[in-house]
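J.: Next come a sequence and a model predicted from it.
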Amino acid sequence: MSVNSKHIATFLLGAAAALAANKYMNMSPEEKEKLADTLKDKANELKTEAENFADKAKDYFDELKTKGTATLKEHLADAEKMMGELFDKKAEGNSTVS
């Protein structure tokens, strides 16, 4: 059985988890409480950023939908003309080959 990068990554991840668990077990109760508070603060910051991003993304997609529809309506005639010319030329080319 060969060892590939997934096996090495799994081993390293397991070793890191074991070291973290060992360090946590050797912490004093005050250090554990401080670590828990720090993790809670970081999680709350991440949650706030995610909520802000979700709001911005919703606004962005709403704007994209309205502007995209307007742009599509504006350029649809040109696109229809271009596609018609393209496929008419292709159809003419196929009929001469046969």
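T.: Received it, and whenever you're ready, just let me know what you need. Residues are numbered from 1 along each chain as shown.
J.: buried ones in stretch 39-57?
T.: In terms of neighbour count (16 or more other C-beta atoms under 10 Å), stretch 39-57 has no buried residues at all. In this view, the C-beta of every residue, glycine as well, is placed from N, C-alpha and C.
J.: so how far is that stretch from its chain's centroid?
T.: 16 Å (C-alpha atoms, centre = their mean, to the nearest Å).
J.: Need the contact partners of the host helix or strand of Leu13.
T.: If you go by DSSP states H and E, Leu13 is part of helix 5-25. By C-beta atoms under 8 Å, 6 or more residues apart in numbering, the residues outside helix 5-25 that reach it are Lys32, Leu35.
J.: How far away from the center of its chain is it?
T.: Centre to centre, stretch against its chain (C-alpha atoms, centre = their mean), the figure for helix 5-25 is 26 Å.
J.: now the helix or strand harbouring Thr71 against helix 5-25, angle please.
T.: Assessed by DSSP H and E, Thr71 sits inside helix 29-97. Interaxial angle, helix 29-97 versus helix 5-25 (axes from the mean of the first three to the mean of the last three C-alpha atoms, to 10 degrees): 160 degrees.
J.: distance between helix 29-97 and the chain's centre?
T.: Distance, centroid of helix 29-97 to centroid of chain: 11 Å (C-alpha atoms, centre = their mean).
J.: Tell me the helices and strands packed up against it.
T.: Packing partners of helix 29-97 (3 or more C-beta pairs under 8 Å, 6 or more residues apart in numbering; DSSP states H and E): none among the helices and strands.
J.: Apply 10 Å and report the result again.
T.: If you count contacts as 3 or more C-beta pairs under 10 Å, 6 or more residues apart in numbering; DSSP states H and E, helix 29-97 packs onto helix 5-25.
J.: ok, back up a step: now the helix holding Thr71: mean pLDDT?
T.: Mean pLDDT, helix 29-97: 83.
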